[in-house]
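1. Give me a model of this one.
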Amino acid sequence: MGDFQVAGPVLAPGLDNVLSEPLHASSRSDSTQDSLPNGYPAELRHQFAWNRADFAKEASYVLHLSSVDKAELRRAMDEFKAKGLDGNLVKQDNFPLPTLAPKLRALANEIYNGKGFHVIRGLDPNDYSVEDLAIIQLGVQAYIADQCGRQDHRGNMLVHIVADNSSEVKLGHHRHSTSAISFHNEEAGDVISWLTRGTSKTGGRCILAPVYTIYNILAAHRPDVIRTLTKSDWPVALPRFQCRPLMFYHDSKLIMNFGRTPLLGSATHPRPEHLPQLNERQREALDLVEAIARALQMEIKTRSGDMHFINNFTILHRREGFVDGASPDEKRHLVRMRLRSSTQGWSIPESLHQEWTDAFAEGGPKTWHLEPMPGDAFPLRKYTN
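-> Residues are numbered from 1 along each chain as shown. All right, here's what the predicted structure looks like:
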């Protein structure tokens, strides 16, 4: 386990009152609610169950590229371009990184089997054209998770997260809003990555929370909430309506997959009245997960050129609000991708099979827009995570 101290059922500051009693009398009307669901462990002892104190030193979660690493990346990019291949065909075989590759493979193992996240730092986007930067992004990712997933029905492989107030719909969408957003997982993808092309004038930090630690706290203090999260009656409206659990213990691994907006709606996109509404127990569970996640959260100040990788099963993420500046150097711009490893990919619960198939199946469209596009080139769903 290295230097990690596995976080068991220790309460984060400020959670004592929240966890002491159910918010609603109905939460424990059934005595079985005082026990965990069948097959769920009393405690998860794994590096995924971390506390932010484990990362007091930046080196524990940031890989700083050396001058040798950056020279190797540029050489690999030049060799790939000399082959005349389309950029989306980058893979380990045609993007050789003899010195950096072992570091990236170790990082991949950390994401899939260790703490669940990492940052690669040291690239300067101003040193590359947009095309070259995309090739390097894909080349690095090929050593971490070699399969790239679609992110909408049009097959967009790259999603550009930028502020856009050109319409009420865009202003209210997480992808283009400047407001803080709540903790969530993406609807599909083992690993979520994003390259930071530009940072905002203020705010916009990446904020993470450990699902395994949240589970351990709930298992010790509120097992009834875990029973609620694992029931198949959550009316999720993303990307299609279905009733399913938000938490799974599958193949001896804990998996969480949820977002508040597909369950509650938002001010811009109220939840349609014809869809089932959450009951009191479900609302309490959502609020409690958010409260624990915020008590445990780890904040990462992102720099231009950073590449983030998070395990989408075991890490909840959100973004703080931000303000862009007038200068092009003060405008937040992330390029997000969904990834899956053909060798380390986890087994997917049946309730999530369709989302992973839609993203990673060989058939279907694949579109690679290197820049944000006008109009509806990137469809905006009402109930995004």
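2. Phe258 contacts Ser182, correct?
-> No: applying CB atoms under 8 Å as the test, Phe258 and Ser182 come out as separate, 10.3 Å apart. Every C-beta, even on glycine, is put in place using the N, C-alpha and C of the backbone.
3. So those two - more neighbours on which side?
-> Set side by side, Phe258 and Ser182 show unequal neighbour counts under other CB atoms under 10 Å, the larger going to Phe258 at 23 against 18.
4. So for the closest residue to that one other than its chain neighbours, what's the pLDDT?
-> Nearest residue to Phe258, sequence neighbours excluded (CB to CB, 6 or more residues apart in numbering): Leu246, at 4.1 Å. Among the per-residue scores, Leu246 shows a pLDDT of 98.
5. low-scoring stretches of this protein, by residue?
-> Applying pLDDT under 70 to the predicted model, the residue ranges of the chain that meet it are 1-14, 16-18, 20-33, 165-176, 239, 268, 375-385.
6. how close does the residue nearest to Phe258 sit to Ile255?
-> According to CB to CB, to the nearest Å, Leu246 and Ile255 sit 10 Å apart.
7. which SSE is the nearest residue to Leu100 once chain neighbours are set aside in?
-> For Leu100, ignoring the flanking residues on the chain, the nearest one in space by CB to CB, 6+ apart is Asp69 at 4.9 Å. The secondary structure element spanning Asp69 is helix 67-82 (assigned by DSSP states H and E).
8. Would you mark the buried spots in that helix?
-> When neighbours are counted by 16 or more other CB atoms under 10 Å, the buried residues of helix 67-82 are found to be 69-70, 72-73, 76-77, 80.
9. Now for Gly203, how many residues are close by?
-> Using other CB under 10 Å: Gly203 sits among 16 other residues.
10. how about the helices in the stretch 151-300 of the chain?
-> Assigned by DSSP state H, counting those that start in this stretch, the stretch 151-300 of the chain shows helices spanning 168-171, 211-221, 223-229, 261-264, 280-296.
11. got the contact list for Leu123?
-> Leu123 makes contact with 65, 70, 73, 133, 136, 305-307, according to CB atoms under 8 Å, 6 or more residues apart in numbering.
12. what's across from Val335 in the sheet?
-> According to DSSP bridges, the partner residues bridging Val335 are His160, Leu195.
13. How many residues are close by it?
-> Here the neighbour count serves as a burial measure; for Val335 (other CB under 10 Å) it reads 23.
14. Next up, the contacts around it.
-> Under the criterion of CB under 8 Å, 6+ apart, the neighbours of Val335 are 134, 137, 158-161, 194-195, 197.
15. any idea how far Leu238 is from it?
-> For Val335, the distance to Leu238 under the criterion CB to CB works out to 22 Å.
16. Please apply the same query to Leu316.
-> In this structure, Leu316 lies at 16 Å from Leu238, with CB to CB as the measure.
17. Looking at these two, which is more packed in?
-> Ranked by neighbour count (other CB under 10 Å), Leu316 and Leu238 place Leu316 first, with 26 against 18.
18. Could you verify that the more buried one is part of a strand?
-> Yes: the assignment for Leu316 by DSSP: H, G, I helix; E, B strand; the rest coil puts it in a strand.
19. bridging residues for the residue lying closest to Tyr40 once chain neighbours are set aside?
-> Using CB to CB, 6+ apart and skipping residues adjacent in sequence, the residue nearest Tyr40 is Tyr249, 5.1 Å away. Under DSSP bridges, the beta-bridge partners of Tyr249 are Leu254.
20. and Tyr249, how many neighbours?
-> Number of residues near Tyr249 (other CB under 10 Å) recorded here: 20.
21. And for Thr178?
-> Around Thr178 sit 18 other residues, with neighbours defined as other CB under 10 Å.
22. Apart from its chain neighbours, what residue comes closest to it?
-> By the measure of CB to CB, 6+ apart, the closest residue to Thr178 outside its immediate chain neighbours is Ala163, 5.1 Å from it.
23. which residues touch that neighbour?
-> Under the criterion of CB under 8 Å, 6+ apart, the neighbours of Ala163 are 176-178, 200, 322, 324, 331-332.
24. Of the residues you listed, which is the nearest to Gly122?
-> Arg332 (19.5 Å; CB to CB).
25. what phi and what psi does the backbone show at that closest one?
-> Dihedral pair for Arg332: phi -70, psi 130, per degrees, to the nearest 10.
26. thought it was touching Ser200?
-> Yes: with contact taken as CB under 8 Å, Arg332 and Ser200 are classed as touching, separated by 3.9 Å.
27. Touching both of the two, which residues are there?
-> Looking at what touches both Arg332 and Ser200 (by CB under 8 Å, 6+ apart), the common residues are 163, 322, 324.
28. State the helix or strand in which Ile111 lies.
-> Going by DSSP H and E, Ile111 is in helix 101-113.
29. In that helix, which of the residues would be classed as buried?
-> 101, 103-104, 107-108, 110-112.
30. now that helix against helix 67-82, angle please.
-> Inter-element angle recorded for helix 101-113 and helix 67-82: 90 degrees (by axes from the mean of the first three to the mean of the last three CA atoms, to 10 degrees).
31. what helices or strands is helix 101-113 leaning on?
-> strand 117-121, strand 307-311 (3 or more CB pairs under 8 Å, 6 or more residues apart in numbering; DSSP states H and E).
32. among those, which is the most enclosed?
-> Highest mean neighbour count among these (mean count of other CB atoms under 10 Å): strand 307-311, with a mean of 24.
33. Neighbouring strands - and their directions - for that strand?
-> When pairs are called by DSSP bridges, strand 307-311 turns out to pair with strand 117-121 (antiparallel), strand 191-198 (antiparallel).
34. Mind listing residues that contact it?
-> Applying CB under 8 Å, 6+ apart, the contact partners of strand 307-311 are 48, 107, 111-112, 116-121, 123, 137, 140, 144, 190-196, 206, 208, 300, 302, 317, 339.
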